[in-house]
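> Sequence first, predicted coordinates after that:
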Amino acid sequence: MTRLPAFLNSPTTSKQQNSGQTVAQITREHGISEATFYNWRAKYGGIQVSEVKRLNELEEENHRLKKMYAELSLQNEVIKEALAKKW
């Protein structure tokens, strides 16, 4: 499950970059690696905060549905095996 990067909750990061701070300074301040910064920027770059929150909600729902499907598939297999046995 993907969590919303804390520094993306506010426009501070883009303001910091526009004000001349380097990526190294920003990542040090937020306690993340430069690779993480660039990955998050690639994923969330031009997205508004509300869109990021909606994306996270959809990812959580997708995770929940996949888990539900896996559990139901397992139950289905157990039932098929039980019915296939000759009593």
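Good, I have the coordinates.
> if you count residues, which helix in the chain comes out on top?
helix 49-84 (DSSP state H).
> buried residues in that helix?
residue 52 (16 or more other Cβ atoms under 10 Å). Backbone N, C-alpha and C define where each C-beta goes, glycine included.
> Stretch 31-48 now?
Here stretch 31-48 shows 32, 37, 40, 41, 44 as buried, counting by 16+ other Cβ under 10 Å.
> Considering helices and strands only, name the one in this structure with the lowest mean pLDDT.
Every helix and strand of the chain was ranked by mean pLDDT, DSSP states H and E. The lowest is helix 12-18, at a mean of 60.
> pLDDT of the following helix or strand past that one, averaged?
Using DSSP states H and E, the helix or strand that follows helix 12-18 towards the C-terminus is helix 23-30. In this model, helix 23-30 has a mean pLDDT of 88.
> Would you mind writing the CA trace of helix 23-30 as CSV?
Output of helix 23-30 as CSV, limited to C-alpha atoms (Å, rounded to 0.1, in the frame of the first residue of the first chain):
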residue,chain,number,x,y,z
VAL,A,23,17.6,18.5,-4.1
ALA,A,24,20.3,17.4,-1.6
GLN,A,25,19.2,20.1,0.8
ILE,A,26,15.5,19.3,0.4
THR,A,27,16.0,15.5,0.8
ARG,A,28,18.1,16.1,3.9
GLU,A,29,15.5,18.3,5.4
HIS,A,30,12.7,15.8,4.8
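> what about it, distance to the chain center?
21 Å (Cα atoms, centre = their mean, to the nearest Å).
> From the contact counts, what lies against that helix?
Helices and strands touching helix 23-30, by 3 or more Cβ pairs under 8 Å, 6 or more residues apart in numbering; DSSP states H and E, are helix 12-18, helix 34-44.
> picking up where we left off before, so which two of the buried residues of stretch 31-48 are the farthest from each other?
Spanning the widest gap among the buried residues of stretch 31-48 are 32 and 44, at 13.1 Å by Cβ to Cβ.
> Could you measure from residue 22 over to residue 61?
37 Å (Cβ to Cβ, to the nearest Å).
> what ranges of the chain fall below the confidence cut-off?
1-18, 87 (pLDDT under 70).
> Quickly find the element holding residue 46.
Using DSSP H and E, residue 46 falls outside every helix and strand.
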